[in-house]
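Participant: Below: sequence and its predicted model.
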Amino acid sequence: MKIKELFSMQNELNMRIVKEHKLDNSSLFEQRRLAFLVELGELANETRCFKYWSKRPASEKEVILEEYVDGLHFVLSIGLDLSFKEVEITTEVDLSEKMDKIDINTLFLNLYQSGSKSLLNEEFQSFFDTFLGLGVKLGFSFEEIEEAYFAKNRVNHARQDTGY
């Protein structure tokens, strides 16, 4: 995964939004954390993993992937706010083995807990690993995640072009 490129692309989008909306980038950390939690909830809702009372299946894989990369945009933004420009990437195989032992609902709850507190710099790597692990648990390859991120990033820039 080209993590440095993802951080760079996210930084470019963030700076564009800050400039065009005349915002103070340093004051957006709390809003980005809340946005992440909202996106995480939307992702959980599409997976339906917690809806033990329902027989309806999860949404299509493409819908779940789009919700996942919406969250990734904010994970990267949170990292940028903490001065990260890259992180160590665990291999898909290692993440898959690690995630096999963890219930998907537990992963979501762990991410809610991490995302709802002010992360310290040293906690970000674990937060990032858990989010990436959730993607692997959902059945996405690094390549699928990366391509979906690139596509959604283009959409987000187009939305800025049209005054979204």
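Facilitator: That came through fine.
Participant: helices or strands up against the helix or strand of the chain with the lowest mean pLDDT?
Facilitator: Using mean pLDDT, DSSP states H and E, the weakest-scoring helix or strand in the chain turns out to be helix 92-100, at a mean of 87. Where contact means 3 or more C-beta pairs under 8 Å, 6 or more residues apart in numbering; DSSP states H and E, helix 92-100 is packed against helix 121-137. For every residue, glycine as well, the C-beta is placed using N, CA and C.
Participant: Setting aside sequence neighbours, what's the nearest residue to residue 24?
Facilitator: Nearest non-adjacent residue to residue 24, counting by C-beta to C-beta, 6 or more residues apart in numbering: residue 18, 7.6 Å away.
Participant: wait, what's in contact with that neighbour?
Facilitator: 24, 25, 28 (C-beta atoms under 8 Å, 6 or more residues apart in numbering).
Participant: follow-up on the earlier one: mind saving the C-alpha coords of the least confident helix or strand of the chain as CSV?
Facilitator: Taking Å, rounded to 0.1, in the frame of the first residue of the first chain, the C-alpha atoms of helix 92-100 are listed here in CSV:
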residue,chain,number,x,y,z
GLU,A,92,-2.2,-8.3,4.6
VAL,A,93,-1.4,-11.8,5.7
ASP,A,94,-0.3,-10.7,9.2
LEU,A,95,-3.4,-8.5,9.6
SER,A,96,-5.7,-11.2,8.4
GLU,A,97,-4.2,-13.7,10.9
LYS,A,98,-4.6,-11.2,13.7
MET,A,99,-8.1,-10.2,12.7
ASP,A,100,-9.3,-13.8,12.5
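Participant: Perfect, that will be all.
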